[in-house]
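A.B. asks: Predicted model follows, preceded by the sequence.
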Amino acid sequence: MQKGKFNIVTDGQYGSCGKGLITSAISSRFRPDILSTTNLPNAGHTAVNTNGQKFVAKALPSAAILTKWVDGYKPHIVVGAGAAFDLQQMLHEIEICDTHDRLHIHPRAGVVTEVHRLAESDDGDSSTKHLASTMQGCGAFLADKILRKKNLKLARDYIELNDYMPRHLSKKIGIINDLEDQPLHMQLYKLMVNHKYTILHEGAQGFSLDINHGQGYPSCTSRGTTATQNLADMGIGHCLLGDIYLVLRPYPIRVGNVYEDGKQVGYSGDCYPDQREITWDDVAKASNAPSDISKGEYTTVTHRLRRVYTYSKQQLTEAVAVNGATKLALNFANYIDWSCYGCSDYNALPPKVIDFIKTIEDHAQIPVTIVGTGPQINHVCFL
């Protein structure tokens, strides 16, 4: 992680690569001054501590929970203009993470309402069910924001969020002279340039779901998901860009199709030409995993069985090129060889995992610097 810069954790596949683990592990190790996000409710990021306690973030950065889990670490939390969230979910996460005095929400961040959710989940023209979307109302909200609907309410319009508007940032941090009354992007700029503050940003969704540059339209999410899009959504200039951690898994996954009364009514999309869909039983057998792994993974938001695929060189090389990735974070290494589950020592990783690391480094031409071997923040090898 680069000091005094805007560092990004982003997903190199279809999402659900475990950005919550990687972000919380990086934050626990390097302790950046500010954690930021521009998440939407269609993504849930999970952090798990060393005791197995789980925190699922849909509004705040997942590493915000470290204020409770790591002694002496009290980062400031910033929710950027490109974010949108369910109001009650945001208030719930603020209470859980106890970020009242360190949270800053951009006034133009969005609040997704039940009206937005219903627009996507019914069978009308705005329904996204046919795409096997999460149907959380994200696209409907973004459409309203783009159209500048006169009755649309943003974060600045909710009295419950008044104390978290960025005009309070300088006072909460204790640096007032050159920050007071500045827009949030200028406050972040000056904190990095003048005061050497380090920011770690947690991206959402995955590169292959990007609406413009991903694997396929319309089987995509409702916005851009690249690292440079995260940079733009936060109002940060490219000169302050630090490391870009591209998170991968050996067997990429995506949200499951939608079935009603035994009939498929929603299809989440095709895969890359050098990729094929497999079963969770295939994954379990290949890694010699416990039998319950063959039951598969279920998505955090929709609770559907995830579709799973073989590794794709094309997917990785495109993600590295478009995101400008500087480092790789390989998650779910235990799906390559289950004997490494929970390992935190790179030198103790089994040969199958080391061979896979060498393969993706050769394809990407950048190094793997983090290996996740299980769900907990101590199930990580740093190189």
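C.D. replies: Alright, I've got the coordinates. No experiment lies behind these values; they were computed from the predicted model shown. Numbering: from 1, shown residues only.

A.B. asks: Once you drop chain neighbours, what's closest to residue 328?
C.D. replies: The spatial neighbour of residue 328 that comes closest, neighbours along the chain excluded (C-beta to C-beta, 6 or more residues apart in numbering), is residue 368 at 4.4 Å. In short, each C-beta sits where N, CA and C put it, glycine included.

A.B. asks: if I've got this straight, residue 95 is in a strand?
C.D. replies: No: counting by DSSP: H, G, I helix; E, B strand; the rest coil, residue 95 falls outside a strand, being helix.

A.B. asks: what number of residues lie near it?
C.D. replies: 10 (other C-beta atoms under 10 Å).

A.B. asks: Run through the helices of this protein in chain order.
C.D. replies: Applying DSSP state H to the chain gives helices spanning 19-30, 66-69, 87-97, 114-121, 138-147, 169-173, 184-195, 227-234, 280-287, 313-323, 351-364.

A.B. asks: Hmm, residue 91 is touching residue 163, no?
C.D. replies: No: using C-beta atoms under 8 Å as the test, residue 91 is too far from residue 163 to be in contact (11.5 Å).

A.B. asks: thinking again about what came up before, quick one: contacts for the residue nearest to residue 328?
C.D. replies: Counting by C-beta atoms under 8 Å, 6 or more residues apart in numbering, residue 368 makes contact with 327-330, 357, 360-361, 383.

A.B. asks: any idea how far the closest residue to residue 383 other than its chain neighbours lies from residue 42?
C.D. replies: Nearest non-adjacent residue to residue 383, counting by C-beta to C-beta, 6+ apart: residue 369, 5.0 Å away. From residue 369 across to residue 42, the span is 28 Å (C-beta to C-beta, to the nearest Å).

A.B. asks: Name the strands paired with the longest strand along the chain and say parallel or antiparallel.
C.D. replies: Identified as the longest strand of the chain according to DSSP state E is strand 241-248. Strand 241-248 pairs in its sheet with strand 6-11 (parallel), strand 327-330 (parallel), by DSSP bridges.

A.B. asks: winner for burial among those?
C.D. replies: strand 6-11 (a mean of 29; mean count of other C-beta atoms under 10 Å).

A.B. asks: thinking again about what came up before, residue 376 is nearest to which of the helices of the chain?
C.D. replies: helix 19-30 (7.9 Å; C-beta to C-beta).

A.B. asks: Would you mark the buried spots in the closest one?
C.D. replies: 19-28 (16 or more other C-beta atoms under 10 Å).

A.B. asks: In JSON lines: those residues, plus distance to residue 248 and pLDDT.
C.D. replies: Below are the buried residues of helix 19-30 laid out as JSON lines (distance: C-beta to C-beta, whole Å; pLDDT from 0 to 100):
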{"residue": "19", "distance to residue 248": "11", "pLDDT": "96"}
{"residue": "20", "distance to residue 248": "15", "pLDDT": "95"}
{"residue": "21", "distance to residue 248": "13", "pLDDT": "97"}
{"residue": "22", "distance to residue 248": "10", "pLDDT": "97"}
{"residue": "23", "distance to residue 248": "15", "pLDDT": "97"}
{"residue": "24", "distance to residue 248": "17", "pLDDT": "97"}
{"residue": "25", "distance to residue 248": "15", "pLDDT": "97"}
{"residue": "26", "distance to residue 248": "15", "pLDDT": "97"}
{"residue": "27", "distance to residue 248": "19", "pLDDT": "97"}
{"residue": "28", "distance to residue 248": "20", "pLDDT": "96"}
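
A.B. asks: Using CSV, please lay out those residues together with distance to residue 193.
C.D. replies: CSV is the format used below for these (distance: C-beta to C-beta, whole Å):
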residue, distance to residue 193
19, 27
20, 29
21, 31
22, 27
23, 24
24, 27
25, 28
26, 22
27, 22
28, 26
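
A.B. asks: Out of these, which two sit at the greatest distance?
C.D. replies: Pairwise distances among those were taken by C-beta to C-beta; the largest, 14.5 Å, belongs to 19 and 28.

A.B. asks: Compute the first-to-last residue distance for stretch 287-306.
C.D. replies: 18 Å (C-alpha to C-alpha, to the nearest Å).

A.B. asks: Pull out the buried positions in that stretch.
C.D. replies: 287, 289, 293, 296-297, 299-302, 304-306.

A.B. asks: Excluding covalently adjacent residues, which one is nearest to residue 54?
C.D. replies: residue 48 is the one closest to residue 54 (C-beta to C-beta, 6+ apart), at 5.0 Å.

A.B. asks: Can you name the residues bridging to that neighbour?
C.D. replies: Going by DSSP bridges, residue 48 forms beta bridges with residue 54, residue 376.

A.B. asks: looking at it, it is touching residue 56, isn't it?
C.D. replies: No: between residue 48 and residue 56 there is no contact under C-beta under 8 Å: 9.8 Å.

A.B. asks: And residue 174, what's its pLDDT?
C.D. replies: The model reports residue 174 with a pLDDT of 74.

A.B. asks: mind listing what's buried in stretch 63-81?
C.D. replies: Buried, per 16+ other C-beta under 10 Å, within stretch 63-81: 63-67, 69-70, 75-81.

A.B. asks: hang on, the earlier thing: what angle do the longest strand of the chain and helix 227-234 make?
C.D. replies: Here the directions of strand 241-248 and helix 227-234 differ by 120 degrees (axes from the mean of the first three to the mean of the last three C-alpha atoms, to 10 degrees).

A.B. asks: Now the residue most central in space within the chain: phi and psi?
C.D. replies: Residue closest to the average C-alpha location in the chain (C-alpha atoms, centre = their mean): residue 204, at 3.3 Å. Taking degrees, to the nearest 10, you get phi -130, psi 160 for the backbone angles of residue 204.
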